[in-house]
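1. Provided below for reference: sequence and predicted model.
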Amino acid sequence: MTAPDGDPPVPGLRSRLAAAVGPDHVLTDPAVTMSYGTDWTGRWRARPLAVVRPGSTAEVAATIRVCADAGVPVVPQGGNTGLVGGSVPRGDGRMVVLSTRRLATVGPLDRGTRSLVVGAGASLSDVHRAAARVGLRYAVDLAARDSATVGGTVATNAAGLRALGLGDTRRQVVGVEAVLADGTVVDDVTGPPAGRDGFPLAGLLCGSEGTLAVITAARLRLGAPPAVPPVTLLVGLASPADALALLDQPGLTAAELLLRPGLELVCRVGGLPDPLPRAWPAYLLLEVEGEPVLPDDVDAVVDPRVWAYREGMTDAIATLGIPHKLDVALPVDAVPAFVAELPAVVTPFAVHPFGHLGVGNVHVNVVDVGSGPGRDPDRAGLDAVDERVVRLVHRHGGAVAAEHGIGVAKVQWVGPDPVRTRLKRALDPAGLLNPGVATSMR
Ligand code: FAD
Ligand code: MLT
Ligand code: ZN
């Protein structure tokens, strides 16, 4: 088992990891481990030194201690649906991927606080099912719900499709259990939810992208479902600017922008019919808990199935080639002008902007059309375009990183800051946890 930087094998690492989690849960065959070493988009790939699959918090702690003793960096990984390169190793044979997928327990509902403790490896869909079983709902939802895990959504502070009306992950997390870089277990989830052993850690770890601790469980707040089913509709727009007037809706939980080329791509890839009688330059998907307020002459279809046009975007774009995904935040009113300037900025590549207009979170997907799934032949060209998009974001008063986090994709643009670097140095002085990710330490 070669060590970081290709040094001679780390003596006894595999046997010590096997002693920590059992030999069946230490994977070293590249034919198996490469799937853990390749991110969802295919843009970041590196062979893990090993993949370790602990089955308990104690096994996570034991794994961390073995890696810390050996000086081997650890990449915490949940569903590996992250889109900024933070869930896979940097460099072949250098880092251990610690997969949380076996930590998938879902605890009982605490009736008083309407919260429950869920293992980090449970999927979002597991949480949605547990909430539905007790007549409640979990606010965070995203198209990768069957794979994205509780630990990953806490670590990235995932926002998702209903963040506008229901908030991002940070708004749902009441407490966390986690393992620090020296194997110490911190526990804010056991005992009465109102109990306190110190200041809450959830806020510190939410959005930490695996750089401060390995989250092993979280206490999540559930909410009451709407009294009446929400109304979901897709509205045809002459331009994205026309969407802004539709955002003043009482009870609005989602407002998702699509453009015609993206919608045509989803229809082609997904075999979907055109949703409206005529083609529109832009579309707004609205979900309203109540009666939508619309102009008289609007062209719209009211049907919850219109979500398929929105949720199909990521997979559809991936069929064109490996996209450079710039998930950015803008003042909502600036989105139409920003989107209008994108094609000139990204030429000669294609761009598919879409996303969470209601909160000003736009997904800019730049792709070398025709390269085909899994290929990005002109990576240097795409890297240069990223720079141009970032400058455009700043010209419109935006921020380069939003719900997907910073990962390795945005590190060059989101500088280190002294507070986060001090926290990182205090909690992970050896830089063991996810080195190179986010702003915390470089
Ligand atoms: P991973 O990809 O495994 O990891 C993501 C990051 O979290 C990494 O830095 C990793 O080190 C860290 N991490 C993972 N688990 C832990 C843990 N237990 N402890 C500490 N660190 C950990 N994101 C959104 O915010 N909104 C969306 O609407 C959305 N839609 C998506 C749609 C599709 C089709 C896809 C493929 C992705 C989408 N994403 C979206 C991105 C992704 O699903 C989220 O970032 C999600 O939070 C990642 O969860 P995961 O379990 O896959 O984490
Ligand atoms: C989404 O909102 O669909 C996701 O964030 C995925 C993406 O940006 O592709
Ligand atoms: Zn999104």
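-> On my side now, so go ahead. Ligands and ions are numbered 1, 2, ... in the order given.

2. only C-alpha atoms for contact and neighbour calcs from this point on.
-> Will do.

3. what pLDDT does the model give residue 32?
-> Residue 32 carries a pLDDT value of 97.

4. hmm, I typed the wrong one, I wanted residue 4.
-> Reported pLDDT for residue 4: 54.

5. hmm, residue 65 and residue 17 touching each other?
-> No: the pair residue 17 / residue 65 is not scored as a contact, 9.6 Å apart, by C-alpha atoms under 8 Å.

6. neighbour count: those two, which is higher?
-> Shown here are residue 17 and residue 65; by other C-alpha atoms under 10 Å, residue 17 has more neighbours (25 against 20).

7. what helix or strand is the nearest residue in space to the more buried one that is not next to it in sequence located in?
-> Excluding its sequence neighbours, the residue lying closest to residue 17 (C-alpha to C-alpha, 6 or more residues apart in numbering) is residue 63, at 6.1 Å. Of the helices and strands defined by DSSP states H and E, residue 63 is found in helix 57-70.

8. returning to what we had before: ok, the residue nearest to residue 17 touching residue 21?
-> Yes: using C-alpha under 8 Å, residue 63 makes contact with residue 21 at a distance of 7.4 Å.

9. what do those two both touch?
-> Common contact partners of residue 63 and residue 21 (C-alpha atoms under 8 Å, 6 or more residues apart in numbering): 52, 54.

10. neighbour-wise, which of those two wins?
-> residue 63 (25 against 20).

11. mind listing what that one touches?
-> Taking C-alpha under 8 Å, 6+ apart, we find residue 63 in contact with 17, 20, 21, 52, 54.

12. in contact with the last one, which residues?
-> Pointing back at residue 54 there. Residues counted as contacts of residue 54 (C-alpha under 8 Å, 6+ apart) are 20, 21, 25, 60, 63, 98, 99, 100, 102, 103.

13. tell me if I am right that it is in a strand.
-> No: assessed with DSSP: H, G, I helix; E, B strand; the rest coil, residue 54 is coil; it does not lie in a strand.

14. use 18 as the first number from now on
-> Sure, I'll start counting at 18 from here, so that last one is residue 71.

15. just the pLDDT at it, thanks.
-> On the pLDDT scale, residue 71 is placed at 98.

16. how close does the residue nearest to residue 34 sit to residue 219?
-> Computed as C-alpha to C-alpha, to the nearest Å, the residue 80 to residue 219 distance reads 22 Å.

17. and if you look at residue 280?
-> 38 Å.

18. do the same with residue 255
-> Residue 255 is 43 Å from residue 219, where distance means C-alpha to C-alpha.

19. swap in residue 44?
-> Note on residue 44: its distance to residue 219, by C-alpha to C-alpha, is 31 Å.

20. kindly report the same for residue 123.
-> For residue 123, the distance to residue 219 (C-alpha to C-alpha) stands at 18 Å.

21. between these two, tell me which one has more neighbours.
-> Shown here are residue 123 and residue 219; by other C-alpha under 10 Å, residue 219 has more neighbours (23 against 20).

22. ok, the more buried one - contacts?
-> Per C-alpha under 8 Å, 6+ apart, neighbours of residue 219: 187, 190, 191, 192, 193, 205.

23. of the residues you listed, which is the most crowded?
-> By neighbour count, taken as other C-alpha under 10 Å, the most surrounded of the contacts of residue 219 turns out to be residue 193 (29 neighbours).

24. that one contacts residue 210, doesn't it?
-> No: using C-alpha under 8 Å, residue 193 is not in contact with residue 210; the gap is 11.1 Å.

25. now do the contacts for residue 233.
-> Contacts of residue 233 by C-alpha under 8 Å, 6+ apart are 74, 77, 117, 120, 136, 137, 138, 168, 193, 194, 195, 196.

26. oh sorry, the question was meant for residue 200
-> Contact partners of residue 200, counting by C-alpha under 8 Å, 6+ apart, are 77, 78, 79, 81, 82.

27. on the pLDDT front, check the second one for me.
-> In other words, residue 78. So residue 78 comes in at 98 (pLDDT).

28. same question, the last one
-> The confidence metric pLDDT takes the value 98 at residue 82.

29. look up the closest residue to it, ignoring the ones flanking it.
-> Leaving aside its sequence neighbours, residue 82 sits nearest to residue 200 (C-alpha to C-alpha, 6+ apart; 5.4 Å).

30. secondary structure element for residue 194?
-> strand 190-196.

31. right, and residue 326 touches residue 281 too?
-> No: applying C-alpha under 8 Å, one finds residue 326 not in contact with residue 281, separated by 9.3 Å.

32. who has more neighbours out of those two?
-> A count of neighbours by other C-alpha under 10 Å puts residue 326 above the other of residue 326 and residue 281, at 22 against 18.

33. measure the more buried one to residue 95 for me?
-> Taking C-alpha to C-alpha, one finds residue 326 at 27 Å from residue 95.

34. go on, residue 244?
-> 34 Å.

35. residues near residue 445, how many?
-> Using other C-alpha under 10 Å, residue 445 has 19 other residues around it.

36. could I get the pLDDT score of it?
-> In this model, residue 445 carries a pLDDT of 96.

37. would you mind naming what in the stretch 318-459 of the chain lies close to ligand 1?
-> Neighbours of ligand 1 within the stretch 318-459 of the chain, by C-alpha under 6 Å from any ligand atom: 331, 420, 421, 424.

38. packing partners of the helix or strand harbouring residue 333?
-> Residue 333 belongs to helix 330-335 when assigned by DSSP H and E. Counting contacts by 3 or more C-alpha pairs under 8 Å, 6 or more residues apart in numbering; DSSP states H and E, helix 330-335 packs against helix 277-287.

39. residues in contact with the helix it packs on: which ones?
-> Applying C-alpha under 8 Å, 6+ apart, the contact partners of helix 277-287 are 289-291, 296-300, 326, 329-330, 333-334, 369-371.
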